[in-house]
Each structure stands twice: as structure tokens, then as C-alpha cells.
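Trainee: fold the following for me, if possible:
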Amino acid sequence: MSELVELKHVRKEFSGPEEQPIVILDDINLELHEGEIVALLGKSGSGKSTILRIIAGLIAPTAGEVLYRGRPVRGSAPGISMVFQDFALFPWLDVLENVRLGLEAQGVPVAEQRRRALEAIDMIGLDGFESAYPKELSGGMRQRVGFARALVVRPDVLLMDEPFSALDVPTAETLRDDLLDLWRERKIPTRAILMVSHNIEESLLLVDRLVILGSDPGRIKVKLPVRLPHPRNRNSDAFRAFVGRVYDAITRPSEPAVVPLATATLEIGARLPSANVQQMLGVLDVVSEESSSDELELSELADELEMEIDEIFPLVEALELLGFAHTGDGRIRLSEAGKAFLKADILERKPLFRHAVLDRVPIVRHIYKTICAEEDHRVNEEQFLAALNESLSDEEAERVLEVIVAWGRYAELFAYDYDSGEFSLENPTADKVSG
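Mentor: So this is what the prediction gives:
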């Protein structure tokens, strides 16, 4: 198979506070061959969408190079087209006008624009809706317009950034099946497809190869060929076994090993997973109920909770961070601390959670000690945001602060006033927690 796209040692940085670089992607080496569909999978923050945007020429890599048919990509490449998650349609243009946009930008004659746009609209199943505006269409129909607009320029390479995630399940399945039929029957000119997905099963129903990324920064962990015959049955033993392999690959530590959050310093250990306590309890409860050995396949857990990667992995990571669970071989296992936390009543859970947070989350322990050290037991959030900003972007620092507030409140370590941005002790007159 010939290579259509090749990424060589691609690195992407963004400027953080005080011009400190924040590395999103590091040493990405990836080839996209003619005749294959490839999916990028990984936890949130692994840089999957950034890879698509670099290939599409929407952003430039900080280092390394991107080749399309052996030539460096400099800006938008005419043979590469992209479908976005949020439809990205112009509301003041009708379906035909939205689809024609790419051809107009290429300087295609007006008559040819209309002919090819109508052809693409018909191919994608929207014949009869040419004059409709986006507000008149369902979510599935709007995404079909997005596909028609991407395909009308007859791209060699089609990039898809979570193209089905904004749709309800039946609509997403129908659109995915239609796309696969068009691809397998060679009714579209596209020679390769690269997609980002947060749904492992959705990816396995489509692709020939999976590329799994690690996080912080994004690096390729493993490339898995998918040799399951089409049509693929998600309930078959082979399919379920492959799902388990993917969960195992995603949860397996990256090489070189990343410093665990539980032992990291404030500066490098502040990236907490977004997980609330009730959802964590829900995970512990499902694992306990579904297995007499208090362990469960992550794929089974995802099915029971009806969650995708970006929903379930923050919960699992949080449980690992707090010492309530362990993962390995694609499974989650409750620890003794996790079992005790699950079995405790509402009031008994508070001190158990408090102990876990203070013992295993340095940033929360630092905030608590700082508040305790102040005479009035009050500290403005800016002090802690500044510390977080040493290694995180402004947006990420705000997100982490929200997690800290939620966990600290549940543990009854401190209070937080959103209006003033001020932390204070939950009960300044009570005995302070040791640690």
C-alpha cells in the first residue's frame, strides 16, 4: 500500500503562562496508507484532534514534518478534507450553498459547482433537501451535509473528528453504516480515512487499524491492525476480545513511565481527572454488583454505565489516584480501601475520602496546609492558580481547580466562595486534620 500521508517526528507546543511551552504532541510518527480506514484513540488530552488539524494544514507543527503524497504540507492541502464534530455549517446558507463552498474556494466554474454539489447531496442521502437551511434539518441530516461538503471536493484523504458523537445512537449507527457502504462499494473517491473517536466499538466496526495515544504529552503507544471480517458483529467473541485488547492498551502505562500523580510534586502532578464522587461510587458499585471477585472488564463496565472513553476513564483514573481501585489487563479491580469506601455509610465515607485525598493528592494537601497556616484561614484562588499555571494552560488550570473544589468540599477540608474566589476552612474552630 502506498503512503498518502506521513507524519515524521511531529511535535506540537502551545505557549503557556509566561511563554512556557505546553507540549501537546511529542515525536508522532504515523503513516496513512491508500485503501485503509484508521482511528485515533486515547484518553482526553492525548492530542487526537490536534493531529487531524496538523494534517489538514489548519495548524502547523512546532517540529517535524507532514507529507502528503511525499510533499510537505504547507497550509491547506487540496487533496485533504475534514468533517467536524459540530457540523460547522453556515446557518444563512442552504444545503446546496453549504456543500458548494469548497468548490467555490477552489475556483471551480459555477455550473460545475452545482453539478458536483447535487451529485454529492444525492450520494449522501439528502436529495430533495437542497434548498433547506440547517435549522430545518435534524442533527443527522446536518452531519450528512458536512459529509457532502467534505466529499464534494473529491479528497484523497478524509479526516473525521468525532463525526458521530453529537448524534443519537440510532442516527449515528445509520450514518456510520451508510459511510461504510459508500467506502466499501467505492462510491466515494476517497482513498483513505483517518478518524478520531471516543467510542471503541464504533471504531472497531469501521477501521482497518487503530492508533492508540498516551497522554501528557500525546505519544503513540501502540498501532493495532484490525483483521476482523466485515460485516462485524459487536456481540461476537472475537469482537469482544478485541475490545478488551483496546481497553488494555489504553490503560497500560506509557513508556517511558509517567510520574504517578500520587507521588508527583505540586508543579508536575496537578492534572487531576474530572470525576465527581457520586460517579466514582457508581463505578465501585457496578464492579461490586457485577462480579463476585470485585473485578470487571473495563469494556463490561463501559457497557453497564453506557459511557464512552472520555466519560469512563476520568472516573477510573480518579479511583486509581485515590487508591480505591487498580487497572491492568483491561480490567478494573477494587482495592481494600475501595471496598471499605463503598460499604461505608454516608457519614463514614467523608473521613475515608478525606484521608485518601490528603495522602495521595499533593495539590489538595498543599492547598489545605496553606489555608490552615493563614491566621484568618482564608486564601484567594489566584495563589493556587498561579501554581497550577506553571505546568498547565489557563483553561486546564481552571478545570483542575474545579475538581479540587469539589473534592475538598466533599472531604469537608475547606469551603470555597465562587463570588470572591476565596478558599477558607470548612470549620476554622474545629480541630484541623493532621497531614
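
Trainee: show me the helices in the stretch 1-150 of the chain, by range?
Mentor: In the stretch 1-150 of the chain, the helices defined using DSSP state H, counting those that start in this stretch lie at 48-55, 95-105, 110-123, 139-151.

Trainee: out of the ones you listed, which comes closest to residue 381?
Mentor: Checking the helices of the stretch 1-150 of the chain against residue 381 by Cβ to Cβ gives helix 48-55 as the closest, at 28.8 Å. C-beta coordinates here come from the backbone N, C-alpha and C atoms, glycine included.

Trainee: could you list the low-pLDDT ranges of the stretch 1-150 of the chain?
Mentor: Residues of the stretch 1-150 of the chain meeting the criterion pLDDT under 70: 1, 16-19, 87.

Trainee: need the helices of the stretch 1-150 of the chain in TSV with mean neighbour count and distance to residue 247, can you?
Mentor: Compiled in TSV, those are given as follows (neighbours: other Cβ atoms under 10 Å; distance: least, Cβ to Cβ, whole Å):
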stretch	mean neighbour count	distance to residue 247
helix 48-55	22	17
helix 95-105	21	38
helix 110-123	17	36
helix 139-151	23	27
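
Trainee: need these in a markdown table (columns: distance to residue 211).
Mentor: Converted to a markdown table, the helices of the stretch 1-150 of the chain look like this (distance: least, Cβ to Cβ, whole Å):
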| stretch | distance to residue 211 |
| --- | --- |
| helix 48-55 | 9 |
| helix 95-105 | 27 |
| helix 110-123 | 28 |
| helix 139-151 | 21 |
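
Trainee: so which of those is nearest residue 332?
Mentor: helix 48-55 (23.0 Å).

Trainee: what does that closest one contact?
Mentor: Helix 48-55 has contacts (Cβ atoms under 8 Å, 6 or more residues apart in numbering) with 5, 7, 10, 12, 24-25, 28, 30, 40-42, 59-61, 66, 68, 73, 80, 82, 157, 159, 161-162, 194, 196, 213, 218.

Trainee: hmm, back to that, which one of the helices of the stretch 1-150 of the chain lies closest to residue 343?
Mentor: Nearest of the helices of the stretch 1-150 of the chain to residue 343, taken as Cβ to Cβ: helix 48-55 at 38.2 Å.

Trainee: quick check: buried residues in stretch 287-301?
Mentor: 287-288, 291, 294-301 (16 or more other Cβ atoms under 10 Å).

Trainee: first-to-last residue distance for stretch 199-218?
Mentor: 18 Å (Cα to Cα, to the nearest Å).

Trainee: next one: it to chain centre, how far?
Mentor: Relative to its chain's centre, stretch 199-218 lies at 10 Å (Cα atoms, centre = their mean, to the nearest Å).

Trainee: now stretch 81-96
Mentor: The answer for stretch 81-96 is 22 Å, by Cα atoms, centre = their mean.

Trainee: over to stretch 354-370?
Mentor: 27 Å.

Trainee: show me where pLDDT drops low in the stretch 301-435 of the chain?
Mentor: Applying pLDDT under 70 to the stretch 301-435 of the chain flags the ranges 426-435.

Trainee: returning to that earlier point: which one of the helices of the stretch 1-150 of the chain lies nearest to residue 327?
Mentor: From those, taking Cβ to Cβ, the stretch that ends up closest is helix 48-55, at 20.7 Å.

Trainee: only alpha carbons, please: show that closest one as CSV.
Mentor: What follows is helix 48-55, C-alpha atoms only, in CSV (Å, rounded to 0.1, in the frame of the first residue of the first chain):
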residue,chain,number,x,y,z
LYS,A,48,-6.0,13.3,18.7
SER,A,49,-7.9,16.3,17.2
THR,A,50,-4.6,18.3,17.1
ILE,A,51,-3.1,15.6,14.8
LEU,A,52,-6.1,15.9,12.4
ARG,A,53,-5.7,19.7,12.3
ILE,A,54,-2.0,19.4,11.6
ILE,A,55,-2.6,17.0,8.7
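
Trainee: what's the helix or strand encompassing residue 303 packed up against?
Mentor: Assigned by DSSP states H and E, residue 303 belongs to helix 298-305. Using 3 or more Cβ pairs under 8 Å, 6 or more residues apart in numbering; DSSP states H and E as the contact criterion, the elements in contact with helix 298-305 are helix 237-251, helix 277-290, helix 309-321, strand 331-334.

Trainee: list the buried ones in the longest one?
Mentor: Read it as helix 237-251. 239-240, 242-251.

Trainee: what's the answer for the last one, then?
Mentor: Taking 16+ other Cβ under 10 Å as the basis for neighbour counts, the residues of strand 331-334 that come out buried are 331-334.

Trainee: what residues does it touch?
Mentor: 283-284, 287-288, 294-298, 301, 316, 319, 324-327, 342.

Trainee: what do you get for stretch 216-227?
Mentor: Stretch 216-227 has contacts (Cβ under 8 Å, 6+ apart) with 23-30, 42, 45-48, 50-51, 204, 207-214, 242, 245-246, 249-250, 252, 254-255, 258, 271.
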